[in-house]
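> Requesting a structural model of the entry that follows:
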Amino acid sequence: MSLRAFRVGVVGARRARRGVGAHLARLFHAAGTKVVAVAGTSAATAAEAARALADLHGIEAAPYDDPARMVREAGLDALVVASPHATHVPLLALALAARLHVLCEKPLAWGTVDAPARGERLVAAYAAADLCLAVNTPLRHTLATYLQLFPDVNPRAARTFVLEASPPSTGDDMLPDALPHPLALLDHLWPAATLGLRDVHVDRPDDRHAVVRFVHPGRDVACEVRLTTVPEPPRPLAYAFDGVWARRVIREPGYRLALTTASGDREVGLPDPMGTLVHQFVARVRKGPPFLPEPTAVPGLRHLHDVLSAWPPIGVARRPGAG
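Here you go, the predicted model:
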């Protein structure tokens, strides 16, 4: 597929909450594709998203008040799904029927007890149809920079992993917003597609804080994810293998990223992980089939569900089956 023929539509491009869709549209445009259409929940929101893309990024995208109509009429090759979690499965089914490649915001499927199974069926269906399906979980694309910062650390041989993240959401939305990122990183390092997380424990003292602990089955690594809501960017992010911490910093103007040591005495420039993910997606689609399932997609759904089963009411800490 030539870049000239690679036409992209975006569902959820308005900057109403976090602007992820607008950022993805900009990255696809920068990767040489044509972002030709955006869909919103109404004509007004779609027009607002289209105007913002034109004003900020020079992207001329036609607005649609209905994703199905956009898919029928816009002559797309790929769809970016950046809309709320509950819309992902129906939009993925819509794109599959239209034979579109998809980059979907995380989590791939969420909101019902059968979401992991539905997501797994979609992953298999896309592969069987020779279509590329990717999930927007780019944290694993920071590993190369982490290794430049700490060349003596081997993440694959680590015994512990800790991540501190700052999702914009509160309450029950914290889990699907934040946890897919470290899970995709861990499932990339230690594949364990058929095994569940062990010893899952969740502590939620209030609606802005949570700590998730578990043992990852790939190498029996003790993992901890600490979440603290930060409503506005820049949002802190840091992680450590065996106690060796890297912290992400964002510098403006220009949204320049870097990983630094805990003390800040050394740093290495970090290519935008989401940009890397988009460029890889574009390259995979241009190369053509076969499109094997993304290795972390199915285990990510299962492991997210493992934590959901231990996700307690606020003010309660528990393990699965504890009440």
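> tell me the mean pLDDT for the helix or strand hosting Ala184?
Using DSSP states H and E, Ala184 sits in helix 180-189. Averaging pLDDT along helix 180-189 yields 97.
> Equivalent analysis for stretch 114-129, please.
94.
> for it, which positions count as buried?
By 16 or more other C-beta atoms under 10 Å, the buried positions in stretch 114-129 come out as 115-116, 118-120, 122-123, 126-127. C-beta here means a position set from N, CA and C on the backbone, and glycine is covered the same way.
> now swap in stretch 62-75 and tell me
So, applying 16+ other C-beta under 10 Å, buried residues of stretch 62-75: 63-64, 66-67, 70-71, 74.
> Which of the buried residues of stretch 114-129 fall in helices?
115-116, 118-120, 122-123, 126-127 (DSSP state H).
> how about TSV for those residues, with distance to Leu24 added?
As requested, those are exported to TSV (distance: C-beta to C-beta, whole Å):
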residue	distance to Leu24
Ala115	22
Pro116	24
Arg118	23
Gly119	20
Glu120	24
Leu122	19
Val123	20
Tyr126	19
Ala127	22
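> of all those, which comes closest to Thr145?
For those, the minimum distance to Thr145 (C-beta to C-beta) is 28.3 Å, reached by Val123.
> The closest one contacts Val298, correct?
Yes - under the contact definition of C-beta atoms under 8 Å, Val123 touches Val298, with a separation of 5.7 Å.
> beta partners of the nearest residue to Pro182 once chain neighbours are set aside?
Leaving out its chain neighbours, the residue that sits closest to Pro182 by C-beta to C-beta, 6 or more residues apart in numbering is Leu163, at 4.6 Å. As for beta bridges, Leu163 partners with Val225, Tyr239 under DSSP bridges.
> any low-confidence regions in the stretch 1-150 of the chain?
Per-residue confidence for the stretch 1-150 of the chain (pLDDT under 70) gives these ranges: 1-5, 15-19.
> one more time with 90
For the stretch 1-150 of the chain, applying pLDDT under 90 flags the ranges 1-5, 13-20, 110-116.
> All the helices of it, residue numbers only.
Taking DSSP state H, counting those that start in this stretch as the criterion, the stretch 1-150 of the chain carries its helices at 20-30, 43-57, 67-73, 88-97, 115-128, 143-149.
> can you tell me which of those helices comes nearest to Arg302?
Closest approach to Arg302 among the helices of the stretch 1-150 of the chain (C-beta to C-beta): helix 115-128, 5.5 Å.
> Identify the residues contacting that closest one?
89, 92-93, 96, 102, 107-109, 112, 132-133, 290-294, 297-298, 301-302, 304-305 (C-beta atoms under 8 Å, 6 or more residues apart in numbering).
> re the thing from before, distance to Val221 added to the buried residues of stretch 62-75, as JSON lines?
Conversion of the buried residues of stretch 62-75 to JSON lines gives the following (distance: C-beta to C-beta, whole Å):
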{"residue": "Pro63", "distance to Val221": "46"}
{"residue": "Tyr64", "distance to Val221": "45"}
{"residue": "Asp66", "distance to Val221": "45"}
{"residue": "Pro67", "distance to Val221": "39"}
{"residue": "Met70", "distance to Val221": "43"}
{"residue": "Val71", "distance to Val221": "41"}
{"residue": "Ala74", "distance to Val221": "44"}
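> now, among these, which is nearest to Ala25?
Pro63 (12.5 Å).
> any idea how far that closest one lies from Val38?
Going from Pro63 to Val38 by C-beta to C-beta, to the nearest Å gives 6 Å.
> joint contacts of these two?
The overlap between the contact sets of Pro63 and Val38 (C-beta under 8 Å, 6+ apart) consists of 46, 49-50.
> could those go into CSV alongside neighbour count and distance to Thr137?
Converted to CSV, the shared contacts of Pro63 and Val38 look like this (neighbours: other C-beta atoms under 10 Å; distance: C-beta to C-beta, whole Å):
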residue, neighbour count, distance to Thr137
Ala46, 25, 27
Ala49, 25, 23
Ala50, 23, 27
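> out of the residues you listed, who's nearest Arg256?
Top of the list for closeness to Arg256, among these and by C-beta to C-beta, is Ala49 at 26.1 Å.
> Distance check, Thr194 against Gly218.
To Gly218, Thr194 is 11 Å away according to C-beta to C-beta.
> more crowded one of the two?
It is Gly218, of Thr194 and Gly218, that has more neighbours when counted by other C-beta atoms under 10 Å, with 17 against 9.
> Remind me what the helix holding Ala184 packs against, helices and strands.
helix 143-149, strand 160-165, strand 221-228, helix 297-308 (3 or more C-beta pairs under 8 Å, 6 or more residues apart in numbering; DSSP states H and E).
> any residues touching that helix, and which ones?
The contact list for helix 180-189 (C-beta under 8 Å, 6+ apart) reads 106-107, 135, 137-140, 143, 155-156, 161, 163, 165, 193, 216, 218, 221, 223, 225, 239, 295-296, 299-300, 303-304.
> What segments of the stretch 201-323 of the chain are helices?
Applying DSSP H, counting those that start in this stretch to the stretch 201-323 of the chain gives helices spanning 273-287, 297-308.
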